[in-house]
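Student: A predicted structure for the sequence below; I have some questions about it.
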Amino acid sequence: MKLKHLILGGAVAAMTAAAPLTAAMADGHGKELYIPNLSYRTGPFAGGGIPFANGFNDYFAMLNERDGGIGGVKIKVEECETGYNAQKGVECYESTKGNGALVYNPLSTGITLQLIPKAPVDKIPVLSMGYGLSAAAVGTKFPWTFTYPTSYWSQMSSILKYIDANGGLQGKKIGFIYLDAGYGREPIPLLEKLAPQLGFEWVGFPVAGKDMQNQSSQWLNVRKERPDWMIMWGWGAMNATAVREAVKIRFPLDRFIGNWWAGAHADLDPVGEDGKGYKAANFSGVGTDFPALQDVKKYVVDAGKSQVEPDKVGDVLYNRGLFNAVLIAEAIKTAQEMTGKDVVTGEDMRMGFENFDLNEARLKELGLEGFTGAVKGSCADHEGAGAIFIQQWNGSDWERTSDLITPMTDVVRPLLEEAAENYISDKPNWQTQECS
Amino acid sequence: MELLNEIFIEPFVLMADIPDLFVQTIWEGFVSGILYALIALGFVLIFKASGVFNFAQGIMVVFAALALVSLSQFMPAWIALILTIGIMALLAIGIERAVLRPLVGQDDAILLMATIGLTLFLQGVGETVFGGEPKAMVTEELGLPTGSTDWSPFEGWRVTLQHIDVAAVVIATLMVIGLAIFFSKTRIGRALRAVADDHTAALSVGISLNQIWAIVWFAAGIVALVTGIMWGARSDVSFALEVIALKALAVLILGGFTSIPGAIVGGLIIGIGEKVFEVYWGGIFGGGVEAWFAYVLALIFLLFRPQGLFGEKIIERV
């Protein structure tokens, strides 16, 4: 009897306490834009996950502090630890999607592949910013997945273009060292298609996840194969080890190019002077010399509201995470303008992602002039075919050493369309869309 | 026919064609093997004393190395090294008191589960205290050599010897000799062997099981620290190092769970075997054979010699 009274009393107390909250929600107070952050601050890949998560969180925190959120509604970012593990990533997705999630950023190709089929069912878009399934760039076949500002395949074509402009590609042997996981294997179909078309030979060197710090065999093979250039699709502790091993076999570092996940401060800081000359692709600015970054410092970092160490603001992956947040913020703003609602839904967000326009003028307005190339949302093109630039390690910091390099869209796009068609060919109920 | 060529002809032609690559491969395998053996040694010490397969040995490597690197930010590396040794001693005593002592007499599976729990605990504490970012080992500050020397006895030859690899081999060898002397010549070492042979008999002659366990876990902690310094100096100190320790499982199956020489021979077989197989036969499988070579070899041993090369053959009467 006592227990019954206790439960009833508790229920009444809870309802009483909730009443003002409900009223506040109804009249517009207490509303929020909920964004789950599938991050990893633990495990072997934490070195990349930590700065990215900090940049992501801090940009939204800055918008909350400086502007009161987006369109007058505060943003609530909730982190869920995935450990870069696909199973944990799905658990994070399932546990947060019911909170009104607007978009998912898996920060892992493995997790992205798991979430792609869930997105149309739950009507929550997936933004795999510069990673994930390249074929998702085809908006007609993947209405709910976006890879802005570009895809792995486009990036690979830009890197090949860079090599072509620096000594030619014809007749050359390209070594491709990659993390032997969904992420690392992603550009292989493109290499297989492009090699005969562009007249180069390629040879792969897979690195198992558990051997990331034990790569001497792969580099003995590199010595055996004698490639003219090396390209790396690495992540986490793999990157620094690969650069050290390249130094060990005296592979010329200015002919070793990492992708945009293999060119962070976290990767090269431990290598230091020995890594001088190593190159990497990038699509987001480095440093704090941008008004938006200054605002992040002022409103968030200096105010003690960030987890980042102050001297890490502006690092490659911090800025990459921040750029991820910028894309989402722009999609939210666009969705708010298009629907007239201040609290948007996942479906509205999808519309926002297909219609935002992050042009040069808008980048300047955001305090990010020169930070990245323009990105425009589109119904058919979910990658934006954005350009990359090459940066080079000078022994203590990254220096931008090239102009923006656009992808070989004419070559890559038909291959993406073909891959998208293949992906859905055995899925009869797959949701597609028409784009005018 | 092409496959037969790839298996039986091409690799040997390549060895003859580029002999310095073959020597370099053997050397790299030898260094890896020594480091695998060091990790395996940590497992053997604990298994010998308590019959526990210490799942936490890998994280102990990471924990010790991270403690050293982190402390070195605030003090000279040698003082940090001494403090880290102190931390590993406290850890050993803590494990004996909080984990092992309450579980005396329990089934081996329960003790194994306890070491898995210990792994998770050390992961959590390590990530909270030291952070998850990779860190550079304080190689030079510890007086360890860096740089490399080329060995070119013939024209066109180049075998590169990294000084840190040479140091790893020397230090690991000294450590093994030291441990061998400690366990065979000292009173504590003999007590440990008595405990390993028969817990009850050892207790009956007045050997303190608790003291022995703490000493053995401390010794395993020191081995973990040395391993962490050496692996960390070759790449970085990060939580990815923990998974390399899994390879020690294959080393133990080859060498036997209770044999120190077995750990060394097993480590060398796997280290050299996987490098040679990857470089000369890996192409047949599309590369990446290093990821599974050790385990396949261990599986073959389990089929034909389950006690390992140096393990004790267990004969049970039924």
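Tutor: That came through, no problem. Keep in mind that what you see is a predicted model, and the values were worked out from it rather than measured.

Student: only C-alpha atoms for contact and neighbour calcs from this point on.
Tutor: Will do.

Student: ok, and the closest non-adjacent residue to the spatially most central residue of chain A?
Tutor: Most central in chain A under CA atoms, centre = their mean is residue A:129, positioned 3.4 Å from the mean C-alpha point. Distance criterion CA to CA, 6 or more residues apart in numbering or on different chains; nearest residue to residue A:129, sequence neighbours excluded, is residue A:147 at 4.8 Å.

Student: Verify the contact between that neighbour and residue A:131 for me.
Tutor: Yes - applying CA atoms under 8 Å, one finds residue A:147 in contact with residue A:131, separated by 6.5 Å.

Student: low-scoring stretches of chain B, by residue?
Tutor: B:312-318 (pLDDT under 70).

Student: Quick one: name the residues of it near chain A.
Tutor: B:21, B:25, B:28, B:127, B:132-136, B:160, B:162, B:235-236, B:238-241, B:243-244, B:275, B:278-279, B:287-288, B:290-291 (CA under 8 Å from any CA of the partner chain).

Student: Please indicate which of the residues you listed are buried?
Tutor: Listed as buried from the residues of chain B next to chain A are B:21, B:25, B:28, B:127, B:132-136, B:160, B:162, B:235-236, B:238-241, B:243-244, B:275, B:278-279, B:287-288, B:290-291; burial here means 16 or more other CA atoms under 10 Å in any protein chain shown.

Student: among those, which are in strands?
Tutor: Cross-referencing those against strands under DSSP state E gives B:160, B:162.

Student: what's the residue nearest to residue A:105 when sequence neighbours are not counted sitting at in phi/psi?
Tutor: Counting by CA to CA, 6+ apart, residue A:127 is the residue found nearest to residue A:105 once chain neighbours are left out, at 5.3 Å. For residue A:127, the backbone dihedrals (degrees, to the nearest 10) come out as phi -110, psi 100.

Student: Let me see the contact set for the residue of the stretch 51-200 of chain A found nearest chain B.
Tutor: Nearest residue of the stretch 51-200 of chain A to chain B, counting by CA to the nearest CA: residue A:180, 8.1 Å away. Residue A:180 is in contact with A:206, A:207, A:208, A:209, counting by CA atoms under 8 Å, 6 or more residues apart in numbering or on different chains.

Student: try it again with 6 Å
Tutor: By CA atoms under 6 Å, 6 or more residues apart in numbering or on different chains, residue A:180 lies in contact with A:206, A:207, A:208.

Student: could you pull out the helices for the stretch 101-250 of chain B?
Tutor: B:108-130, B:163-185, B:187-197, B:199-204, B:209-234, B:241-244, B:247-255 (DSSP state H, counting those that start in this stretch).

Student: buried ones in the second one?
Tutor: By that I understand helix B:163-185. B:164, B:165, B:167, B:168, B:169, B:171, B:172, B:175, B:176, B:179, B:183.

Student: Now do the residue positioned nearest the centre of chain B against chain A, distance only.
Tutor: Centroid check for chain B by CA atoms, centre = their mean gives residue B:39 as the closest residue, at 1.0 Å. For residue B:39, the distance to chain A equals 14 Å [CA to the nearest CA, to the nearest Å].

Student: Which secondary structure element is home to the residue of the stretch 251-400 of chain A found nearest chain B?
Tutor: Closest to chain B within the stretch 251-400 of chain A is residue A:270: 4.8 Å, counting by CA to the nearest CA. According to DSSP states H and E, residue A:270 maps onto no helix or strand at all.

Student: State the number of residues packed around it.
Tutor: Neighbour count of residue A:270, defined by other CA atoms under 10 Å in any protein chain shown: 21.

Student: I'd say it and residue B:134 touch.
Tutor: No - with contact defined as CA atoms under 6 Å, residue A:270 does not count as touching residue B:134 (7.5 Å).

Student: Ramachandran angles for the residue of the stretch 251-400 of chain A closest to chain B?
Tutor: According to degrees, to the nearest 10, residue A:270 has phi -70, psi -20.

Student: quick one: pLDDT of it?
Tutor: On the pLDDT scale, residue A:270 is placed at 89.

Student: which residues touch it?
Tutor: Counting by CA under 6 Å, 6+ apart, residue A:270 has contacts residue B:136.

Student: same question, residue A:277
Tutor: A:253, A:254, A:392, A:393.

Student: quick revisit: OK, contacts around the residue nearest to residue A:105?
Tutor: A:105, A:146, A:147.

Student: Go again with 8 Å.
Tutor: A:103, A:104, A:105, A:106, A:145, A:146, A:147, A:148.

Student: could you measure it against residue B:63, distance?
Tutor: 35 Å (CA to CA, to the nearest Å).

Student: my guess is residue B:307 meets residue B:252, correct?
Tutor: No - using CA under 8 Å, residue B:307 is not in contact with residue B:252; the gap is 9.6 Å.

Student: Secondary structure class of residue A:227, three-state.
Tutor: At residue A:227 the chain is in coil, as set by DSSP: H, G, I helix; E, B strand; the rest coil.

Student: That one and residue A:212, how far apart?
Tutor: Per CA to CA, residue A:227 is found 21 Å from residue A:212.

Student: Any idea how many residues pack against residue A:145?
Tutor: 32.

Student: Against residue A:55, how distant is residue A:303?
Tutor: 15 Å.

Student: Then residue A:271?
Tutor: 23 Å.

Student: Compare those two (neighbour count), which wins?
Tutor: Each of residue A:271 and residue A:55 has its neighbours counted (other CA under 10 Å); residue A:55 has more, 30 against 22.

Student: angle of the host helix or strand of that one against helix B:108-130?
Tutor: Assessed by DSSP H and E, residue A:55 sits inside helix A:46-67. Taking axes from the mean of the first three to the mean of the last three CA atoms, to 10 degrees, one finds helix A:46-67 and helix B:108-130 inclined to each other by 50 degrees.

Student: near chain B, anything from helix A:46-67?
Tutor: Yes - using CA under 8 Å from any CA, helix A:46-67 reaches chain B at A:46, A:47, A:48, A:50.

Student: following that helix, which helix or strand comes up?
Tutor: Criterion used, DSSP H and E; the element after helix A:46-67 is strand A:74-81.

Student: Just the CA trace of that following strand, in PDB.
Tutor: Written as PDB, here are the backbone C-alpha positions of strand A:74-81 (Å, rounded to 0.1, in the frame of the first residue of the first chain):
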ATOM      1  CA  LYS A  74      19.300  27.200 -29.100                       C
ATOM      2  CA  ILE A  75      21.200  24.200 -30.300                       C
ATOM      3  CA  LYS A  76      21.700  21.200 -28.100                       C
ATOM      4  CA  VAL A  77      24.600  19.000 -29.000                       C
ATOM      5  CA  GLU A  78      24.800  15.600 -27.300                       C
ATOM      6  CA  GLU A  79      27.800  13.400 -27.600                       C
ATOM      7  CA  CYS A  80      27.600   9.700 -27.800                       C
ATOM      8  CA  GLU A  81      30.900   7.700 -27.700                       C
END
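
Student: Perfect, I'm done here.
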